[in-house]
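*Asks:* Take this sequence and fold it.
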Amino acid sequence: MKLPKWAIPAGIAVIILLWGITQYNGLVGIQENVNTQWSQVENQYQRRADLIPNLVNVVKGYASHERETLEGVIQARSRATATTIDANNMDEAALQRFQQSQDALSSALSRLMVVVEKYPELKANEQFQSLMAQLEGTENRIATARMDFNNAAKEYNTRIRKFPASLIAGVTGFRTRPYFTAQAGSEVAPTVDFSK
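*Replies:* Below you'll find the model as predicted:
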């Protein structure tokens with residue numbers, strides 16, 4: 001039995017089409033993994049933001065005259081929660097703005113912890129200790145979520161840049177995703193001086 005002339009080109013076209021569909025679906029799967037990991041990052045940052053009002057209220061009860069520091073924390077929290085990113089339209093600039101607002105909140109929390117050092121009775125408060133333990137656990141979760149996001153973004157970025165998937169990625173609009181980076185200055189170890 002002889003095949004018609006169009007059968008071989010049609011068979012090749014079907015194979016190429018199936019290959020393209022498989023590549024595309026694979027890219028969608030890893031893109032969704034990046035989006036899922038990003039939502040986990042946002043969840044952990046939101047958890048931290050939700051703890052802050054309670055922490056500020058407890059500190060306010062002991063250190064009400066530290067108004068400037070307390071207001072700074074609330075303002076930084078407000079800016080951090082207002083800065084959001086659509087996972088599908090994430091770029092380097094948007095992630096940097098997000099990271100800067102979160103870093104500003106971390107800095108404000110650090111200033112609050114310096115204030116807390118002046119109040120031993122506050123540090124002994126059970127509610128304060130509980131909130132600090134939750135905040136510490138949340139900071140660890142944030143670090144883990146950021147690492148997981150970076151790993152997912154790396155897998156995705158690698159996949160869309162490798163041939164032959166790069167052909168499908170280029171045609172269908174898959175773009176690289178940015179990474180979380182270390183805070184500026186974190187490469188320099190802090191100086192500890194006990195001589196003072």
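*Asks:* what residues are up against the residue nearest to residue 119 when sequence neighbours are not counted?
*Replies:* Spatial nearest neighbour of residue 119, excluding adjacent residues (Cβ to Cβ, 6 or more residues apart in numbering): residue 62 at 5.0 Å. Placement of C-beta: from N, CA and C, glycine included. Applying Cβ atoms under 8 Å, 6 or more residues apart in numbering to residue 62 gives the contacts 119, 121-122, 125.
*Asks:* Roughly how far does residue 170 sit from residue 176?
*Replies:* In this structure, residue 170 and residue 176 are 12 Å apart, going by Cβ to Cβ, to the nearest Å.
*Asks:* what about those two, which has more around it?
*Replies:* When residue 170 and residue 176 are compared for neighbours, residue 176 comes out ahead with 15 against 12, by other Cβ atoms under 10 Å.
*Asks:* thinking again about what came up before, what is the nearest of the contacts of residue 62 to residue 98?
*Replies:* residue 122 (31.3 Å; Cβ to Cβ).
*Asks:* number of nearby residues for that closest one?
*Replies:* If you count neighbours by other Cβ under 10 Å, residue 122 ends up with 18.
*Asks:* Scan the contacts of residue 62 and report the most crowded one.
*Replies:* residue 122 (18 neighbours).
*Asks:* mind checking the SS state of residue 174?
*Replies:* Residue 174 falls in the coil class when you classify it by DSSP: H, G, I helix; E, B strand; the rest coil.
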